[in-house]
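K.L.:
give me the fold of what follows.
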Amino acid sequence: MITNPLKNWSYSIKNCISQGKFKEALLTYKHNRINGSFIMGVVPLVLKACASLSMLSLGKALHAESVKSGFDCNVMVGTALLDMYGKCGEIRSARKVFDYMPERNVITWNAMIGGCIKNGDIKTAFLLFENMSEKTIVTWNEMIDGYARNGDMVMARSFFDRVPDELRNVVTWSVMVDGYTSNGDMDAARELFEIMPTRNFYVWSSMVSGYFKKGDVKSAEAIFDRMSMKNLVNWNSLICGYTQNGLCEEALEAFTKMQDEGLEPDEVTVVSVLSACAQLALLDVGKDIHEMIIRKGIELNEYVLNGLVDMYAKCGDLSNARLIFEGMLVKNDAAWNSLISGFANHGHCVEAINFFERMASSGVKPNDITFLSVLSACAHGGFVEEGLEIFSRMEKYALTASIKHYGCLVDLLGRAGRLEEACDLIKGMPVTPNDTVLGALLGACRVHSDTDVVENVLKEVRKLNYISDSGDDAHYVIFSNIYAAAERWEKAERMRFALSNKGSQKTPGCSVVMLDGPETSFMQVLTA
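P.N.:
Model prediction:
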């Protein structure tokens, strides 16, 4: 039997697209284009792959080829073109294609509306919607979702209420519920959720995730437990929610239970579980997850690779963290931050600074977290001038220093004994100093026994009335200890007297040891 190579080519690309293998689809197209093949039926498929991968340059090349071949007048090709432009952020080009199309169908209109919404042009989307002669449920759902994503829940609900009864389906209900959960209105979401005629897996997950985002773990668990059947998306919502709320042991337990019920993890699952391992510093468990990823053939996309780098870095296995990082084809700011933070937190200060410089040279823009990590490394490594220079570069990246960044800088100067500079920095800060900033300076004063700076800090504290408002009595103890170390007993006693007048008592420390049996606690009263 003779097979048609063009038909096989088209089928192969279509099969890749249906499985979400967009890169493979483009490689298949590239290989056959070298052989001189070009058929109209393939163009919309390849444009869909370009849209999914945000490959605008290839999309434009396909547009040019379509014009040369006369395919651009075809409604399917034209619709795919404007959809590609819209998803790649070229909304003007999308509109130009739309306006010049000799024929449009409802899919064309929906694609144009979707492009406008994705690019934040909700007004144009509304005008297009009103001018449509025929509206499908996809059109209505696009508008509801568009207004919800723009935070306009009044208009979103207005469109939901206007949907003709014969068109409204479970997706419409789910989009509206998800709009409420995404905007944090769980009361409205719950009210609509409870009256849904039917529910799909997606809306259950939306409710679970919504409650977790609000920190309402019990309500999230209650919704999850109500489900008679659970799929992987539902389990992922639970595991991710636990991890985001710091309930990492619960996340790992849910992960085990999910597998016991016969469900296989995917990329989303392992990213959440790796985060849980990182937070608990469970290196052995993290390594088991890494082995499972390889064994099950789970795709090592950028999120999974970022999760692995973060897990190894937080657990102190910096060799493996760096090995995975260096092998990544695309390194985003999350990957750089994980590695720089790992080096900083585990005392490899020179490496942290070097990787920061590499990041800046790579074209990836450092963010707030990057600067916080590298400044911390400079403070712990005693790299004062480097730290001050790095701090000054925040302005270059249009970043505003937060109280945490100033705290690192005060710590940097304080450790180096440059207490006057640290005190001047605190006085000139655009934000009110908090416990971290004052604690860093007072700690440095104690190390260097500098009571003169303490006097200045005490004036600032009294001016801000900081101690009495914060309810934190630790500063009284530090003040007293510094004065005592300098043998200024009268002032030391005055601090103790102020502390006792507040009615405060020192909190006893507690040590816990395991003695081949039950846990044993020892109370230890700390003395200054």
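K.L.:
domain boundaries for the protein, per the record?
P.N.:
Residue ranges for each domain of the chain read 331-400, 418-528, as given by automatic domain parsing.
K.L.:
can you flag the weakest of those domains by average pLDDT?
P.N.:
Of all these, the minimum mean pLDDT falls on domain 418-528 (a mean of 57).
K.L.:
show me the helices in the stretch 101-250 of the chain, by range?
P.N.:
For the stretch 101-250 of the chain, the helices defined by DSSP state H, counting those that start in this stretch occupy 106-118, 122-131, 137-149, 153-162, 170-182, 186-194, 201-213, 217-226, 232-244, 248-260.
K.L.:
to D333, which of those lies closest?
P.N.:
With distances scored as CB to CB, the stretch of the helices of the stretch 101-250 of the chain nearest to D333 is helix 232-244 (19.4 Å). C-beta coordinates here come from the backbone N, C-alpha and C atoms, glycine included.
K.L.:
ok so, going back, turn the helices of the stretch 101-250 of the chain into TSV, columns for distance to Y312 and mean pLDDT.
P.N.:
What follows is those, written out as TSV (distance: least, CB to CB, whole Å; pLDDT from 0 to 100):
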stretch	distance to Y312	mean pLDDT
helix 106-118	36	92
helix 122-131	43	93
helix 137-149	35	94
helix 153-162	42	95
helix 170-182	32	96
helix 186-194	36	97
helix 201-213	26	96
helix 217-226	28	97
helix 232-244	17	97
helix 248-260	16	96
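K.L.:
need those helices in CSV with mean neighbour count, can you?
P.N.:
Compiled in CSV, those are given as follows (neighbours: other CB atoms under 10 Å):
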stretch, mean neighbour count
helix 106-118, 22
helix 122-131, 15
helix 137-149, 22
helix 153-162, 16
helix 170-182, 22
helix 186-194, 16
helix 201-213, 23
helix 217-226, 16
helix 232-244, 23
helix 248-260, 17
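K.L.:
with distance to N301 added, can I get these in CSV?
P.N.:
Output for the helices of the stretch 101-250 of the chain, formatted as CSV (distance: least, CB to CB, whole Å):
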stretch, distance to N301
helix 106-118, 22
helix 122-131, 31
helix 137-149, 24
helix 153-162, 31
helix 170-182, 24
helix 186-194, 30
helix 201-213, 20
helix 217-226, 26
helix 232-244, 15
helix 248-260, 19
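K.L.:
out of the ones you listed, nearest to I13?
P.N.:
Across these, I13 has its closest neighbour in helix 106-118 (19.6 Å, CB to CB).
K.L.:
ok and the closest one relative to helix 122-131, angle-wise?
P.N.:
For helix 106-118 and helix 122-131, the angle between their directions (axes from the mean of the first three to the mean of the last three CA atoms, to 10 degrees) works out to 160 degrees.
K.L.:
which residues are in contact with helix 106-118?
P.N.:
Counting contacts by CB atoms under 8 Å, 6 or more residues apart in numbering, the residues outside helix 106-118 that touch it are 75, 78-79, 82-83, 85-87, 91, 94-95, 98, 101, 122, 124-125, 128-129, 132, 134-136, 138-139, 142-143, 145-146, 149-150.
K.L.:
swap the cut-off to 6 Å and go again
P.N.:
Applying CB atoms under 6 Å, 6 or more residues apart in numbering, the set of residues contacting helix 106-118 from outside is 79, 82-83, 86, 91, 94, 98, 124-125, 128, 132, 134, 136, 138-139, 142, 146.
K.L.:
also stretch 85-98?
P.N.:
Contacts for stretch 85-98 (CB under 6 Å, 6+ apart): 51, 54, 56, 78, 81-82, 112, 115, 118-119.
K.L.:
again, only this time at 7 Å
P.N.:
The contact list for stretch 85-98 (CB atoms under 7 Å, 6 or more residues apart in numbering) reads 51, 54, 56, 59, 78, 81-82, 108, 111-112, 114-116, 118-119, 121.
K.L.:
nearest to P164, of the residues you listed?
P.N.:
Minimum distance to P164 across those is 20.3 Å, recorded for G114 (CB to CB).
K.L.:
relative to E302, how far out is that closest one?
P.N.:
25 Å (CB to CB, to the nearest Å).
K.L.:
kindly report the same for T108.
P.N.:
Relative to E302, T108 is positioned 33 Å away (CB to CB).
K.L.:
any idea where the strands of this protein begin and end?
P.N.:
If you assign secondary structure with DSSP state E, the strands in the chain sit at 509-514, 519-524.
K.L.:
residues near M359, how many?
P.N.:
Neighbour count of M359, defined by other CB atoms under 10 Å: 21.
K.L.:
that one reaches P366, doesn't it?
P.N.:
Yes. Counting by CB atoms under 7 Å, P366 is a contact partner of M359 at 5.9 Å.
K.L.:
tally of neighbours for S133?
P.N.:
Using other CB under 10 Å, S133 has 6 other residues around it.
K.L.:
next up, the contacts around it.
P.N.:
With contact set as CB under 7 Å, 6+ apart, S133 has no partners.
K.L.:
again with the one 4 residues further on
P.N.:
In this structure, I137 makes contact with 167, 169, 172, judged by CB under 7 Å, 6+ apart.
K.L.:
how near is it to F98?
P.N.:
Between I137 and F98 the computed distance is 21 Å (CB to CB).
K.L.:
and if you look at P366?
P.N.:
For P366, the distance to F98 (CB to CB) stands at 39 Å.
K.L.:
which one is the residue nearest the centre of the chain nearest to, not counting chain neighbours?
P.N.:
Compute the mean C-alpha point of the chain, and by CA atoms, centre = their mean the closest residue is A334, 8.5 Å away. With sequence-adjacent residues excluded and distances taken as CB to CB, 6 or more residues apart in numbering, A334 is closest to N306, at 4.8 Å.
K.L.:
which pLDDT value goes with that neighbour?
P.N.:
N306 is assigned a predicted lDDT (pLDDT) of 95.
K.L.:
does it touch A335 like I think?
P.N.:
Yes. The pair N306 / A335 is scored as a contact, 5.1 Å apart, by CB under 7 Å.
K.L.:
just to revisit the earlier point, right, so of the helices of the stretch 101-250 of the chain, which gets closest to A25?
P.N.:
When the helices of the stretch 101-250 of the chain are compared by CB to CB, helix 106-118 sits nearest A25, at 19.2 Å.
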